[in-house]
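**Q** build me a model:
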Amino acid sequence: MQGIKFGKHGLLFITVLLSFLKLMSYYIFIWIGYYLALYILLKDIFPQFTSFYLIPKLLVMFIGNY
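**A** Residues are numbered from 1 along each chain as shown. The predicted structure follows:
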């Protein structure tokens, strides 16, 4: 048995996918840090910034539409 052969495009896809997942693994820690910092800062100022509602608002802010 030789194993799985991907070809050029399959190898390129796997390489890009692994690079993307590596980047996202770092990005999630940055996102959690911003989430905790904004939650600590805004929980007393704005009562609507609860733990559950801050996640979508923070996601929209990171995308750039907020």
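
**Q** list the buried residues for the helix ranked longest in the chain?
**A** Taking DSSP state H as the criterion, the chain has its longest helix at helix 7-42. Going by neighbour count (16 or more other Cβ atoms under 10 Å), the buried part of helix 7-42 is Y35. C-beta here means a position set from N, CA and C on the backbone, and glycine is covered the same way.

**Q** how distant is that helix from the center of its chain?
**A** 5 Å (Cα atoms, centre = their mean, to the nearest Å).

**Q** for I45, which three-state class applies?
**A** coil (DSSP: H, G, I helix; E, B strand; the rest coil).

**Q** re the thing from before, by contact count, what packs against the longest helix of the chain?
**A** Applying 3 or more Cβ pairs under 8 Å, 6 or more residues apart in numbering; DSSP states H and E, we find helix 7-42 packed against helix 51-63.

**Q** please tell me how far the residue nearest the centre of the chain sits from F52.
**A** Closest to where the C-alpha atoms of the chain average out (Cα atoms, centre = their mean) is I28, at 4.3 Å. Separation of I28 from F52 (Cβ to Cβ, to the nearest Å): 18 Å.

**Q** do the same with Y35
**A** 12 Å.

**Q** got any residues that touch both of those two?
**A** The contact sets of Y35 and F52 do not overlap (Cβ atoms under 8 Å, 6 or more residues apart in numbering).

**Q** quick check: mean pLDDT of stretch 37-45?
**A** Averaged over stretch 37-45, pLDDT sits at 78.

**Q** now stretch 58-66
**A** The model assigns stretch 58-66 a mean pLDDT of 69.
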